[in-house]
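Colleague: Let me see the structure of the following:
(one chain, ligands or ions: 1)
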Amino acid sequence: MRESDIERYLVRRTKACGGEVRKLKWIGRRGAPDRLVMLPGGLLYWVELKAPGQKAAVHQAREHVRMLKMGQRVLVLDTLEKIDRVLA
Ligand SMILES: [Mg+2]
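Modeller: Below is the predicted model of the structure:
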C-alpha cells in the first residue's frame, strides 16, 4: 500500500465524519505536514502521511516537535487502522 492510498482514505474518512481536509505546504520552509484535518466542533489535526512502516524524515520530525511544543496535535499516520482510530 502506498502513501497516496493512505492519504485518499484519510480524505474519505474525514469527509464521512463531516470534516474538511486541506493539503499543505509551508512557504519558505520544509517539513509541513501533508494535510490539515478539521473536524466539527473545532478539533484540528496536522497529519503527516506515510506508507505503512515508514517514519517521518528527520526534517519533518524536527518540525513536528516545534509544532507539538506549541500545543498542536500532530500525527504521523501510516495505516488505515490508525486513521480509523483517530476518526472513530
Ligand atoms: Mg508524507
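
Colleague: Spell out the residue ranges of the helices in the protein.
Modeller: 3-16, 58-69, 80-86 (DSSP state H).

Colleague: Redo those as CSV? Include distance to Gly28 and mean neighbour count.
Modeller: Every residue, glycine included, has its C-beta placed from N, CA and C. Rendered in CSV, the data for the helices of the chain read as follows (distance: least, Cβ to Cβ, whole Å; neighbours: other Cβ atoms under 10 Å):
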stretch, distance to Gly28, mean neighbour count
helix 3-16, 24, 16
helix 58-69, 13, 13
helix 80-86, 29, 15
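
Colleague: So which of those is nearest Leu39?
Modeller: Distance to Leu39, taken as Cβ to Cβ, is lowest for helix 3-16 among these, at 7.3 Å.

Colleague: Could you list every helix and strand in contact with the closest one?
Modeller: In terms of contacts (3 or more Cβ pairs under 8 Å, 6 or more residues apart in numbering; DSSP states H and E), helix 3-16 is packed against strand 20-23, strand 35-39, strand 43-49, helix 80-86.

Colleague: Apply 7 Å and report the result again.
Modeller: Here helix 3-16 is seen to pack against strand 20-23, strand 43-49, helix 80-86 when contacts are counted using 3 or more Cβ pairs under 7 Å, 6 or more residues apart in numbering; DSSP states H and E.

Colleague: Show me which residues of this structure sit near the ion.
Modeller: With Cβ under 5 Å from the ion as the criterion, the chain comes near the ion at residues 34, 49.

Colleague: Give me the most central residue, the chain.
Modeller: Val47 (1.1 Å; Cα atoms, centre = their mean).

Colleague: Need the nearest residue in space to it, chain neighbours excluded.
Modeller: If the residues on either side of it in the chain are set aside, Val47 comes closest to Arg35, at 4.6 Å by Cβ to Cβ, 6 or more residues apart in numbering.

Colleague: Identify the residues contacting the one you found.
Modeller: Remark: with contacts taken as Cβ atoms under 7 Å, 6 or more residues apart in numbering, Arg35 is in contact with 10, 21-24, 47, 49.
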